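Student: need a 3D model of the sequence below.
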Amino acid sequence: QVVEHHHSSSHESSDTRSTILRGFRTRGGQLLQQLLVPHNCVRPRKLLLRLPQRYLGTTSNNLHTLHRHTLPQVLIASPARQLSTMSATEEELAQLEASVAEQGAKVRTFKKDKTTPKDVLQEAVAELKKRKKVLEDAKPKPWDRAPFDDMMIRRFFFAQSFEMYGGCAGFYDYGPVGCAIKANFTAAWREHFVLTDDMLEVDTPAMTPEAVFKASGHVERFTDVMVKDLKNGECIRADHLLEDVMEGRMKDAKLSKEERDEAQRHHEQAGNYTKEELKDLYTKYSIKSPQSGNDLSNPEDFNMMFSSQIGPSGHLRGFLRPETAQGIFLAFKRLYDYNNKRLPFAAAQIGMAYRNEISPRNGMLRVREFQMAEIEHFHDPENKNTPKFAGVADLELPLLSADDQVNGKPIARRRLGDAVADGTINNETLGYFIGRIFQFLVSIGCDVSRLRFRQHMGNEMAHYATDCWDAELQTSFGWVECVGCADRSAFDLTQHGNATKTVIEASIPLKEPIEKKVIEVVPNKKKMGPKYRKAAGAVMAHLASLSEAEVVAIESALADGGDAVAKITVDGTEYELDSTVVKVERKTVTVHERKFTPSVVEPSFGIGRCIFCVLEHVYAVREGDENRGYLRLPPLMAPVKCSLLPISTNVELAPLIAQMKVALTRLGVSSKVDDSNVSLGRRYARTDEIGIPFGVTVDLKSAEDKMATIRERDSTLQIRVPMEIIPQMISDLSTNRLTWADCVKEHGLVAEAKAE
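Tutor: Reported below is the predicted structural model:
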């Protein structure tokens with residue numbers, strides 16, 4: 001885009017522009033990260049542009065073209081190779097595969113035609129090989145996870161819990177680095193969502209009475225399907241085992257293409273199959289226990305909630321919540337009152353959730369105790385538009401709709417406004433939160449080329465949901481659901497209202513009052529007390545919550561008069577009503593407001609999953625040194641914002657470092673002193689490993705000229721500035737009020753250290 005803009009006002013030919021763009025898009029070889037600091041190409045603004053790595057090659061011709069034809073000043077960062085499982089988008093791969101198929105068909109035709117000149121056939125074969133090579137280079141490359149995993153454990157981002165006792169699957173400890181990153185995530189999340197959209201934050205208990213989850217459906221339906229080893233009793237999650245078996249078949253060269261394609265379809269749909277469908281597939285493919293080879297039981301449901309007893313009597317059963325949402329729903333009436341009885345509004349909660357996973361795996365991606373961040377946006381079900389949608393409507397998002405999944409189409413980048421307008425995304429409120437989720441994920445370091453929003457298909461959509469999309473991030477474990485965004489309609493509030501006979505509703509004033517016929521049960525309060533005693537209050541509350549059909553039934557039962565009674569059940573106890581304690585009235589009333597049960601749009605974040613995927617996305621190694629891994633975390637996510645490095649152990653430098661740390665701390669900027677007796681390069685590498693974005697080096701000259709060097713992690717470029725301005729500069733850099741490009745432009749690079 002910069003090149004196009006720069007040359008649109010220049011006198012260079014369109015051929016020259018095309019040559020430059022082709023150079024940017026050349027694939028193959030190692031990938032370069034380019035840090036561009038243009039001064040004239042986008043006027044009058046200053047611009048920091050990070051070109052997508054997949055559009056950059058490292059051939060000398062490309063770099064020569066870049067210098068000769070484009071930007072007046074280019075700072076080339078220290079070459080870094082991002083360890084990515086995705087070299088090209090699905091759409092690009094599909095195009096390359098089609099190109100290979102087309103050329104292959106042409107070669108076969110030439111071979112069948114005996115009159116084809118030899119040189120024509122050879123040229124066609126050479127072109128086919130060339131296209132196959134391009135396709136092979138563009139396909140996802142296998143990633144050696146060992147260095148990344150080693151760094152996570154060695155630097156204590158996280159580690160298996162209870163290690164001294166042999167560990168326990170599905171539980172992890174966060175170390176100092178992991179805790180800091182998680183704290184930064186929640187702080188960024190609160191700023192991005194809670195503060196920006198004036199949300200109401202709550203904190204509700206994790207232990208929840210059984211009645212709550214009966215009403216919400218969790219007791220009955222919060223299940224995964226498992227199979228058991230019939231000899232040793234080992235439990236295995238059925239869809240995961242099917243995925244593993246199908247993955248093996250997908251890689252089996254002995255199978256036909258049709259068989260491998262069938263395996264891929266089963267692999268992709270494994271999580272959507274019913275117990276009966278899983279049973280049929282297990283039988284078809286003769287699936288056995290992967291560890292013992294023993295026969296397996298038929299698939300059966302397993303409820304994943306941890307159960308417990310509340311109190312010493314054991315009479316009140318409870319569960320650890322598997323999500324934080326239900327606490328928000330139960331607090332709706334108080335939140336509605338707090339918000340001056342106005343809709344729409346959103347409530348948010350960050351808290352722990354617990355799921356007794358059948359077979360935890362894939363490290364931090366599937367655990368039994370984890371932190372969630374959830375939002376419940378309450379709104380009028382008859383008006384799902386929002387003026388805020390205009391702020392995100394022009395975003396281009398990678399969408400994979402349900403129809404595209406059915407038809408085998410790849411991810412499509414679409415304007416969000418168009419996706420809502422044509423009904424791909426159900427409504428503006430849902431679209432608004434999808435856009436905001438996209439912005440947040442990008443801001444914390446997610447690689448856009450490995451991010452997609454996948455719509456739930458019909459067989460996986462909850463029966464009450466209007467629409468649901470998952471933000472999925474591609475990792476070495478495949479596509480991982482990190483954020484769900486669902487229009488849950490009014491299901492949860494309705495369920496809890498029905499279960500407790502509580503009226504949960506909101507209202508909006510009508511422009512003009514209307515006349516409405518109503519029917520209601522009117523209790524005789526003087527008679528209710530003596531007849532029902534302590535239960536009188538509960539009975540009257542129940543009568544007030546009856547639907548029109550239930551009131552009509554009572555009216556019909558009492559119509560005969562005399563000894564006629566109507567029966568109701570309150571909290572499991574049956575009560576009789578007669579004409580002495582109640583009467584049914586029909587009347588016409590003037591209505592000034594419309595009452596309704598609010599609908600809900602729910603964005604739900606798995607914090608641990610998001611963090612793990614981001615760490616994979618930002619992991620890179622220095623060019624020429626495969627052992628020097630580092631994390632390109634955005635400053636707002638970095639566990640420490642700045643390292644303080646005395647160039648030697650000279651005692652004169654210690655006070656300068658101490659003063660700098662105090663000044664940074666006063667501004668709320670975290671810093672880490674490394675005054676160990678190892679080389680400066682080794683210390684840089686150690687701080688790079690945990691993602692510290694800036695390093696301040698104090699040398700022997702600093703005591704005299706009061707200047708120090710600031711090094712930027714990704715480019716390894718350095719500037720030298722007065723020490724008195726460094727704390728504020730680091731603070732501004734860490735909060736995106738200032739860019740590294742601004743600093744370089746103002747202070748210039750250190751001449752002897754333009755790159756490590």
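Student: partners of Val673 in the sheet?
Tutor: Assessed by DSSP bridges, Val673 has beta-bridge partners Leu644.
Student: swap that for Glu472, please
Tutor: Bridge pairing for Glu472 - DSSP bridges - gives Arg452, Glu481.
Student: my read: it touches Cys485, true?
Tutor: No: counting by Cβ atoms under 8 Å, Glu472 sits too far from Cys485 to count as a contact (11.6 Å). No exception for glycine: its C-beta is placed from N, CA and C like everyone else's.
Student: mind listing what's buried in the helix or strand harbouring Gln405?
Tutor: Here Gln405 is covered by helix 402-406, with elements defined by DSSP states H and E. Within helix 402-406, the residues that count as buried by 16 or more other Cβ atoms under 10 Å are 402, 404.
Student: what about stretch 385-393, how long is it end to end?
Tutor: 12 Å (Cα to Cα, to the nearest Å).
Student: backbone phi and psi for the residue lying closest to Lys672 once chain neighbours are set aside, please?
Tutor: Distances taken as Cβ to Cβ, 6 or more residues apart in numbering put Val640 closest to Lys672, at 4.7 Å, once the chain neighbours are dropped. Phi and psi for Val640, reported as degrees, to the nearest 10, are phi -130, psi 140.
Student: now swap in Pro727 and tell me
Tutor: Torsion angles at Pro727 (phi, psi; degrees, to the nearest 10) stand at phi -60, psi -50.
Student: now it: closest residue in space that isn't a chain neighbour?
Tutor: Using Cβ to Cβ, 6+ apart and skipping residues adjacent in sequence, the residue nearest Pro727 is Ala663, 4.1 Å away.
Student: any idea how far that neighbour is from Lys706?
Tutor: Between Ala663 and Lys706 the computed distance is 13 Å (Cβ to Cβ, to the nearest Å).
Student: show me the contacts for Asn294.
Tutor: Neighbouring residues of Asn294 by Cβ atoms under 8 Å, 6 or more residues apart in numbering: 229-232, 288.
Student: can you show me the CA trace of stretch 684-699 as PDB?
Tutor: Only the C-alpha atoms of stretch 684-699 are listed here, as PDB (Å, rounded to 0.1, in the frame of the first residue of the first chain):
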ATOM      1  CA  TYR A 684      20.100  -9.000  25.700                       C
ATOM      2  CA  ALA A 685      19.200 -12.600  24.600                       C
ATOM      3  CA  ARG A 686      17.900 -13.400  28.100                       C
ATOM      4  CA  THR A 687      15.600 -10.400  28.100                       C
ATOM      5  CA  ASP A 688      14.500 -11.100  24.500                       C
ATOM      6  CA  GLU A 689      13.400 -14.600  25.500                       C
ATOM      7  CA  ILE A 690      10.700 -13.300  27.900                       C
ATOM      8  CA  GLY A 691       9.700 -10.600  25.500                       C
ATOM      9  CA  ILE A 692      11.000  -7.400  27.100                       C
ATOM     10  CA  PRO A 693      10.600  -4.800  24.300                       C
ATOM     11  CA  PHE A 694      13.200  -2.200  25.400                       C
ATOM     12  CA  GLY A 695      16.600  -2.400  27.100                       C
ATOM     13  CA  VAL A 696      18.400   0.600  28.700                       C
ATOM     14  CA  THR A 697      22.200   0.200  28.800                       C
ATOM     15  CA  VAL A 698      24.200   2.400  31.000                       C
ATOM     16  CA  ASP A 699      27.900   2.600  30.100                       C
END
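Student: average pLDDT for it?
Tutor: Averaged across stretch 684-699, the pLDDT comes to 96.
Student: kindly report the same for stretch 516-524.
Tutor: 89.
Student: stretch 154-174 too?
Tutor: Mean predicted confidence for stretch 154-174 is 94.
Student: now do that stretch: distance to the chain's middle.
Tutor: Relative to its chain's centre, stretch 154-174 lies at 24 Å (Cα atoms, centre = their mean, to the nearest Å).
Student: pull up the distance across that stretch, start to finish.
Tutor: By Cα to Cα, one end of stretch 154-174 lies 12 Å from the other end.
Student: quick one: Lys745 is in a helix?
Tutor: Yes: counting by DSSP: H, G, I helix; E, B strand; the rest coil, Lys745 is part of a helix.
Student: any idea how far Met729 is from it?
Tutor: As judged by Cβ to Cβ, Lys745 and Met729 stand 13 Å apart.
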